[in-house]
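In: just need the structure, nothing else, for what follows:
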Amino acid sequence: MAKRAKTIRCPECGGNAVFQTRTDTVEYKGHTATVRVAGHWCRKCGEAVFEGDALEKRERAFLELRAKVEGVLSPRHVASIRERLSLSQRRAGELLGGGPRAFQKYESGGQQVSVPMANLLRLLEKDPSRLREIAKEMATGRLARSRVSALPVKGGRVVARPTTAAAITRRRAR
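Out: The predicted model follows:
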């Protein structure tokens, strides 16, 4: 591993930035949280340069704050619930909604969990046995896997059509 420079030139003001651990503040919609993080801190303007683990730590603190302010689950909490339910990210997306990559996005902070999904996860956290119900309903086909209806056509082929309200209305008008 390369040795870290004790000082660098500040990209903001050109001053001298010294490597040290300090408390930094993250902000979101008027709310703040603090996090201890190592970085190069400018003596002149106070700006900081973060790399690697320090940058990730600061980003996690921001995502936790954003989730708290928005009233939804943090990426770490989503991962914790999913793991307690013994689901892979892909399986969680298939059973609970959002698609095969939804939980990867939720847990990385790339996409914020919606309020309905947060509510569902909170309910499953309190009563994991309900997950078996969802899986059983999916297996028997009673829960819609997608918003497409299959209609037979000549020769035994099947044509998939969207089942939106507009599409149904158009079909009925024909």
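In: quick one: low-confidence parts of the chain?
Out: For the chain, applying pLDDT under 70 flags the ranges 1-2, 142-174.
In: show me where the chain has strands.
Out: Here the chain has its strands, by DSSP state E, at 7-9, 16-28, 31-42, 48-49, 148-152, 158-162.
In: may I see the buried residues of the third one?
Out: Read it as strand 31-42. Buried residues in strand 31-42, defined by neighbour count with 16 or more other CB atoms under 10 Å: 33, 35, 37-42. Quick note: C-beta positions are derived from backbone N, CA and C, even for glycine.
In: turn these into CSV, including distance to residue 141.
Out: Listed next are the buried residues of strand 31-42 as CSV, based on distance: CB to CB, whole Å:
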residue, distance to residue 141
33, 45
35, 47
37, 50
38, 53
39, 53
40, 58
41, 59
42, 61
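In: so which of the residues you listed is the closest to residue 128?
Out: The shortest approach to residue 128 among the buried residues of strand 31-42 belongs to residue 33, at 30.1 Å (CB to CB).
In: bridged to the closest one, which residues?
Out: With DSSP bridges as the criterion, residue 33 is bridged to residue 26.
In: ok, and the closest non-adjacent residue to residue 89?
Out: Spatially, and ignoring its direct neighbours in sequence, residue 89 is nearest to residue 103 (3.9 Å; CB to CB, 6 or more residues apart in numbering).
In: residues touching the nearest residue to residue 32 once chain neighbours are set aside, list them.
Out: Distances taken as CB to CB, 6+ apart put residue 25 closest to residue 32, at 5.2 Å, once the chain neighbours are dropped. Counting by CB atoms under 8 Å, 6 or more residues apart in numbering, residue 25 touches 32-35.
In: could you check how far the residue nearest the centre of the chain is from residue 59?
Out: When CA atoms, centre = their mean is applied to the chain, the residue found nearest the centroid is residue 106 (1.5 Å). For residue 106, the distance to residue 59 (CB to CB, to the nearest Å) stands at 15 Å.
In: nice, that's everything, thank you.
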